[in-house]
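S.K.: I'd like to go over a predicted model; first the sequence, then the structure.
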Amino acid sequence: MEEKPYALSCDKNSQPILDSLKILLTKQESLLEVGSGTGQHAIFMAPYLPQLTWTLSDVQDRIPGVSLWLRDFPRSNLRGPVEYEVGKTDFPEGDFDVVFTANTLHIMSWEKCLLFFRDLGAHLKSNSLFIVYGAFNYAGRFTSESNERFNAWLKDLNPESGIRNFENVRDKLKECGIEFMEDIEMPANNRLLVFKKS
């Protein structure tokens, strides 16, 4: 039997993220996860958000691994995975009132982040939420030595990757009609940023 991909970070951060999502997502009904990775976040969280239909998406190379997790841990409110690669494929179809993404902005180039923000501005309906989890810099500075080391590791893998500045993300999303709402502190020097389509 083919072995499922596994991310230790998902085991560590799924509960803290879920704790916040349960507070934030009380009325929403349809969530698109961009960059589902292994699929572990969705597998873990979906049972605790039964009112929410959760659609997984990622680039083509990741789809088989996500499918293995969904095969072994089916959830009635999970859909997908569907292919979505920023700048290459169309934004997934659906009437989503939440887009959630974790640990993606520092993987994508800044150019692709901007394309992603434009996709969100073009496709999210009014009052929909955009929630992003990950490490961020503030005023151009790292919030911890571990984040600085992580950034160096990312740059070694791909010079176009790297921890993004909160202010840049906030301002570019605002240009796309998506307003900053809340910045939630998370464990291990991560943040959960909440935005709303105006």
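M.R.: Ah, there it is. Residues are numbered from 1 along each chain as shown.
S.K.: so the nearest residue to residue 182 once chain neighbours are set aside, which of the three states?
M.R.: On the basis of CB to CB, 6 or more residues apart in numbering, the spatially nearest residue to residue 182 that is not a chain neighbour turns out to be residue 194, at 4.1 Å. For the C-beta atoms, the positions are set from N, CA and C on the backbone; glycine is no exception. Classification of residue 194 into helix, strand or coil gives strand, according to DSSP: H, G, I helix; E, B strand; the rest coil.
S.K.: so who does residue 194 touch?
M.R.: Taking CB atoms under 8 Å, 6 or more residues apart in numbering as the definition of contact, the neighbours of residue 194 are 24, 129-131, 180-184.
S.K.: give me that answer again for 7 Å
M.R.: For residue 194, the contacting residues are 24, 129, 131, 181-182, taking CB atoms under 7 Å, 6 or more residues apart in numbering as the criterion.
S.K.: same deal with residue 36?
M.R.: Contacts for residue 36 (CB under 7 Å, 6+ apart) come out as 42, 56-58, 66, 81.
S.K.: for it, which three-state class applies?
M.R.: Secondary structure assignment for residue 36 (three-state DSSP): coil.
S.K.: which of the helices or strands spans residue 107?
M.R.: Using DSSP states H and E, residue 107 is not contained in any helix or strand.
S.K.: distance of the spatially closest residue to it that is not a sequence neighbour relative to residue 155?
M.R.: Leaving out its chain neighbours, the residue that sits closest to residue 107 by CB to CB, 6+ apart is residue 161, at 5.6 Å. Taking CB to CB, to the nearest Å as the criterion, residue 161 is separated from residue 155 by 7 Å.
S.K.: same check on residue 10?
M.R.: The spacing between residue 10 and residue 155, counted by CB to CB, is 23 Å.
S.K.: between the two, which is the more surrounded one?
M.R.: Summary of the neighbour comparison: residue 10 and residue 155, criterion other CB atoms under 10 Å, with residue 10 having more neighbours (19 against 13).
S.K.: isn't the more buried one right up against residue 43?
M.R.: No. The pair residue 10 / residue 43 is not scored as a contact, 8.9 Å apart, by CB atoms under 7 Å.
S.K.: wait, what's in contact with residue 70?
M.R.: Counting by CB under 7 Å, 6+ apart, residue 70 makes contact with 39, 78.
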